[in-house]
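In: Sequence plus predicted model, see below.
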Amino acid sequence: MAKVLMKGNEAIGAAAIKAGCKHFFGYPITPQNEVPEYMSKELPKVGGVFVQAESEVAAINMVYGAAGSGVRVMTSSSSPGIALKQEGISYIAGAELPAVIVNIVRGGPGLGSIQPAQSDYNQSTRGGGDGDYKLLVYAPANVQEMVDLLQEAFDKADYYRNPVMVVGDGMIGQMMEPVEFKERPHVDLPAKDWAAVGTKGLRKPNVINSLFLQPEDLEEHNIRLTAKYQKMKDNEQRYEAYNMENAEIICVAYGTTARIVKNAIETLKEEGINVGLIRPITLWPFPEKAFEVLPETAKAFISVEMSMGQMIDDVKIVSNGRLPVDFYGRSGGMIPTPEGIIGKIREMIGGAK
Amino acid sequence: MAKGKVTFNEDICKGCGLCTTNCPVNIVVMNTTKINAKGYHPATISDIDACIGCANCAMMCPDNVITVERF
Amino acid sequence: MAVVFQKTKGLTDKETHYCPGCTHGIIHRLVAEVLEELDILGETIGVAPVGCSVLAYDYFNCDMQEAAHGRAPAVATGIKRSLPDKIVFTYQGDGDLASIGAGEIVHVAHRAEKITTIFVNNAIYGMTGGQMAPTTLIGQKATTAPLGRDSSTTGFPLKISEMLATIQGAVFVERVTVHNPAAIRKAKKAIKRAFEVQIAGQGFGIVEVLSTCPTNWGMTPIKALGWLEDNMIPYYPLGNLRTPEEAK
């Protein structure tokens, strides 16, 4: 398969179609508009369905209906649009339906801005909807990784019967990079005999539902869901460890920010300052395994985010008091520069000695 | 001679009385001498011979209590 | 001996939770009878709302999905677009459809989705205990309009059928009631027609069914039938507002 130069948002559409997604329900919101635009052009060509809903709320509920019909289905939006979808996402998790939700994050809060940000970390990992539920959350750092993780997201959604969120940011969505649509190994997945596709008079009705009026039943349901999330924690943690040997400072950063941190690391290396990076590829489950064994030389963590600091809480949790955790971030759509990160690290090094 | 036969699944009747409202021969009444499993007075027929088997009572019933047959 | 009337196979064996005399039960039966008579039970997916009929998925003898409050038309869109050869309907109350779901119902008609909506209008929020709905009549008391609905602060009751009849995609729009056998027969005919419009793929169809709420209207079930006739029908006139023949 040759590489092709593609804009992130369009690569998302292409990857979804490659993964067999034939149903997309979306709504316009910058900076992800090219996803619905691409789907409106390409899905009909493969006998698929594109619907532009009247709102993000309607779109996520269309996803719920399609998922309950047993088809592969996706929606995409950006930050405030994802906020509107939270109730629907909670219903999809509660009814144990597979669906893929893409968030191309933009500056917030409120109407915010249209430039890249990572200020939806909490919304994605802590759940913005009601009840105890979790999403498997992937955070690609480039367009190729986006294409790979997005296709994997459909398998994971079907496997766990749970919504999967893929979090990019305005840069990943808008940037063009060479991508390859590699052949993926076949994953055998459970049949969707739970789907509500019409009984054909051959079975009792299937019901897609998240209502359990008897508290005993809902608690039992929650226990079953939580066991599923524990399985995700055990099996789905993914991260990249970069330049961790003899690292004095360990950066924790994901997505676009992690790429900028790598530049800073290379520059500092020339000055004999050894900085490592742990890059979560799954935001949930947070990759605790990456933090189990730390280099002796490590003196501190620093969470580097395009926000005022949200992932920092998880870094503190996994650090568990072993090392202090500092923060460097730009927000509102401002993108951190290598120099900014280097300045902060020099300051930490200066102080840390 | 009755033209119709009306049977009540008495235990699922909620005693609402809607069936009594449109009987052309006014023979559908609430049986106040009886309490069903739900604690309601179930509906019944006061004079089955007058029944014409029109099933108005059954149509008015929200709970599928009444079955009507016609000779 | 011929059976003239018996329970339809379109309903499950589960007894409903509805209050005594609530005409939801009659409307459920009519939809179920139509599904059985059109022989589409095995091909149908229904969408239940949030409200008194939230448990409808236990009562209709076909595959069902439970939607978030107001979002049944969007869920139904997702289903119909995924299973275009299946029959899809939503069953919704006035709080679900005319209040929180007003956007969804307008747009399912706007998109001419080939689904059928059964809209039960009882002029009140039932499940939550009698609050004012968009369809509550002027002067009608509700727990959130204790002195009776006052148009100076809450506007005027929404005429959903008239509103949707202006939308080209809504090719079948009819308002019916179930407060006596003659009305029930007409209601069933309209519901059957609405499903036939869907089977023919002509566009969106909706049947608004005026219904009683004895508990929250604070009257006996029989008095409620009379109240509906005297107060709701004058404000919500019965009849067909749009049918595919005109819509062409």
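Out: That came through, no problem.

In: To which secondary structure element is residue 13 assigned?
Out: If you meant another chain, say so; for now it's chain A. Using DSSP states H and E, residue A:13 sits in helix A:8-18.

In: please go with chain C instead
Out: Using DSSP H and E, no helix or strand contains residue C:13.

In: try residue C:79
Out: Element membership for residue C:79 (DSSP H and E) is helix C:72-82.

In: can you tell if that helix touches chain A?
Out: Yes - using C-beta under 8 Å from any C-beta of the partner chain, we find that helix C:72-82 touches chain A at C:74, C:75, C:76, C:77, C:78, C:79, C:81, C:82. Placement of C-beta: from N, CA and C, glycine included.

In: Can the helix holding residue A:13 be said to contact chain C?
Out: No - Helix A:8-18 lies apart from chain C when judged by C-beta under 8 Å from any C-beta; the minimum separation is 15.0 Å.

In: after that helix, next one along is what?
Out: strand A:23-26.

In: Provide the contact partners of the helix holding residue A:13 at residue level.
Out: Residues outside helix A:8-18 that contact it (C-beta atoms under 8 Å, 6 or more residues apart in numbering or on different chains): A:6, A:24, A:31-35, A:38-39, A:42-43, A:46, A:48, A:74, A:76, A:100, A:102, A:104, A:143, A:146-148, A:150-151, A:154, A:166, A:168, A:171-177, A:179, A:181.

In: Look up phi and psi at residue A:215.
Out: Backbone torsions of residue A:215, given as degrees, to the nearest 10, read phi -60, psi -30.

In: contacting residues around it?
Out: Contacts of residue A:215 (C-beta under 8 Å, 6+ apart): none.

In: helix/strand/coil for the residue lying closest to residue B:11 once chain neighbours are set aside?
Out: Leaving aside its chain neighbours, residue B:11 sits nearest to residue B:37 (4.2 Å; criterion: C-beta to C-beta, 6 or more residues apart in numbering or on different chains). Classification of residue B:37 using DSSP: H, G, I helix; E, B strand; the rest coil returns coil.

In: May I have the phi/psi pair for residue B:37?
Out: phi -60, psi -30.

In: Against residue C:15, how distant is it?
Out: Here the criterion is C-beta to C-beta, to the nearest Å. By it, residue B:37 lies 11 Å from residue C:15.

In: These two: who's more crowded?
Out: residue C:15 (17 against 10; other C-beta atoms under 10 Å in any protein chain shown).

In: and that one, what is it in contact with?
Out: Residue C:15 touches B:12, B:63, counting by C-beta under 8 Å, 6+ apart.

In: Let me see the contact set for the closest residue to residue A:159 other than its chain neighbours.
Out: Using C-beta to C-beta, 6+ apart and skipping residues adjacent in sequence, the residue nearest residue A:159 is residue A:189, 5.7 Å away. Applying C-beta under 8 Å, 6+ apart, we find residue A:189 in contact with A:155, A:158, A:159.

In: and what of residue C:41?
Out: A:199, A:201, C:9, C:10, C:35, C:61, C:62.

In: Over to residue B:15?
Out: B:30, B:36, B:38, B:40, B:41, B:42, B:43, C:20.

In: what about the helices in chain B?
Out: With DSSP state H applied, chain B shows helices at B:56-60, listed in chain order.

In: Tell me which residue of it lies closest to chain C.
Out: Nearest to chain C in chain B, going by C-beta to the nearest C-beta, is residue B:62, at a distance of 2.6 Å.

In: hang on, that residue packs against residue C:22?
Out: Yes - using C-beta atoms under 8 Å, residue B:62 makes contact with residue C:22 at a distance of 6.1 Å.

In: mind listing the strands for chain C?
Out: C:2-5, C:44-48, C:63-66, C:87-93, C:116-121, C:170-177, C:204-210, C:239-242 (DSSP state E).

In: circling back to that earlier point, with respect to chain B, which of the contacts of residue A:189 is nearest?
Out: Closest approach to chain B among the contacts of residue A:189 (C-beta to the nearest C-beta): residue A:158, at 39.6 Å.

In: before we move on, the earlier item: how far is the helix holding residue C:79 from where the chain is centred?
Out: Remark: helix C:72-82 is offset 17 Å from the chain centroid, using C-alpha atoms, centre = their mean, to the nearest Å.

In: Using CSV, list the CA coordinates for that helix.
Out: Taking C-alpha atoms only, helix C:72-82 is exported to CSV below (Å, rounded to 0.1, in the frame of the first residue of the first chain):
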residue,chain,number,x,y,z
ALA,C,72,-36.5,9.0,19.9
PRO,C,73,-36.7,10.5,16.4
ALA,C,74,-32.9,10.7,16.2
VAL,C,75,-32.5,7.2,17.5
ALA,C,76,-35.1,6.1,14.9
THR,C,77,-33.2,7.9,12.2
GLY,C,78,-30.1,6.0,13.1
ILE,C,79,-32.0,2.7,13.0
LYS,C,80,-33.9,3.4,9.7
ARG,C,81,-30.7,4.6,8.0
SER,C,82,-29.0,1.4,9.2
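
In: Give me the pLDDT value at residue C:132.
Out: Note on residue C:132: pLDDT of 98.

In: still on that earlier bit, going by neighbour count, which residues in the helix holding residue A:13 are buried?
Out: Within helix A:8-18, the residues that qualify as buried are A:8, A:9, A:10, A:11, A:12, A:13, A:14, A:15, A:16, A:17, A:18, counting by 16 or more other C-beta atoms under 10 Å in any protein chain shown.

In: average pLDDT across that helix?
Out: Average pLDDT, helix A:8-18: 98.

In: Repeat that for stretch A:312-331.
Out: Per-residue scores along stretch A:312-331 average to 98.

In: Quick one: end-to-end distance for that stretch.
Out: 14 Å (C-alpha to C-alpha, to the nearest Å).

In: same check, this time on stretch C:33-49
Out: 20 Å.

In: Many thanks, I have nothing further to ask.
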